[in-house]
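Undergrad: This is the structure alone, sequence omitted:
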């Protein structure tokens with residue numbers, strides 16, 4: 001790829017990860033190499049299972065198995081922040097390696113807004129990624145405003161929920177939400 005840009009998919013609507021993984025499929029269809037890391041997720045979903053099995057994809061496993069992060073004590077938050085910052089250093093190294101045409105860091109905005117990783121490190125990565133690498137970051141909009149990330153992205157797409165079955169207490173359906 002001659003020029004890689006930074007894409008930001010955010011909001012409280014369904015489809016951020018799905019859009020990012022759709023882009024991965026498009027890139028793979030053109031023989032590109034793809035790197036994927038997911039913060040705050042266990043990597044168990046239909047699309048991840050398929051992507052892991054495809055030639056050209058490097059899926060870095062999330063080795064941090066954290067409980068629901070909104071319920072942590074300050075000491076627990078500090079503990080998980082240290083673990084996730086170590087994970088993010090590994091992710092940064094992969095992105096900056098120049099080995100990939102497309103790098104997807106799913107839920108990284110959430111990790112930054114929950115203070116699990118250093119926000120400045122994310123912004124620095126957005127600015128210093130290899131010139132020929134497309135970088136996609138995803139996450140929700142809560143906590144601090146996202147203007148600091150938007151200013152460093154080339155594409156910014158807001159996924160806005162208007163209605164969702166979760167609002168009525170319905171869980172994830174295999175093959176649709178997971």
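TA: Yes, it's here. In this text the structure is predicted, and so the values were computed from the model without any measurement.
Undergrad: use CA for all of it now, contacts and neighbours both
TA: OK.
Undergrad: Quick one: end-to-end length of stretch 140-159, please.
TA: 9 Å (CA to CA, to the nearest Å).
Undergrad: For the helix or strand of the chain with the lowest mean pLDDT, list every residue counted as buried.
TA: Ranked by mean pLDDT, DSSP states H and E, the weakest helix or strand in the chain is helix 46-52, scoring a mean of 89. Neighbour counts over helix 46-52 (16 or more other CA atoms under 10 Å) mark 47, 48, 51 as buried.
Undergrad: Columns distance to residue 141 on top of the residues you listed, output as CSV?
TA: Shown next, in CSV, are the buried residues of helix 46-52 (distance: CA to CA, whole Å):
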residue, distance to residue 141
47, 23
48, 23
51, 26
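Undergrad: by contact count, what packs against the least confident helix or strand of the chain?
TA: Counting contacts by 3 or more CA pairs under 8 Å, 6 or more residues apart in numbering; DSSP states H and E, helix 46-52 packs against strand 57-60.
Undergrad: Please state the offset of the helix or strand just after the strand it packs on from the chain centre?
TA: On the C-terminal side of strand 57-60, the nearest following helix or strand under DSSP states H and E is helix 74-96. The chain centroid and the centroid of helix 74-96 are separated by 14 Å under CA atoms, centre = their mean, to the nearest Å.
Undergrad: Flag every buried residue along the helix or strand just after helix 74-96.
TA: Using DSSP H and E, the next helix or strand after helix 74-96 towards the C-terminus is strand 102-106. Neighbour-count burial for strand 102-106 flags 102, 103, 104, 105, 106 (criterion: 16+ other CA under 10 Å).
Undergrad: what is the rounded mean pLDDT of strand 102-106?
TA: Model confidence over strand 102-106 averages 98 on the pLDDT scale.
Undergrad: partners of that strand in the sheet?
TA: With DSSP bridges as the test, strand 102-106 is paired with strand 34-38 (parallel), strand 134-139 (parallel).
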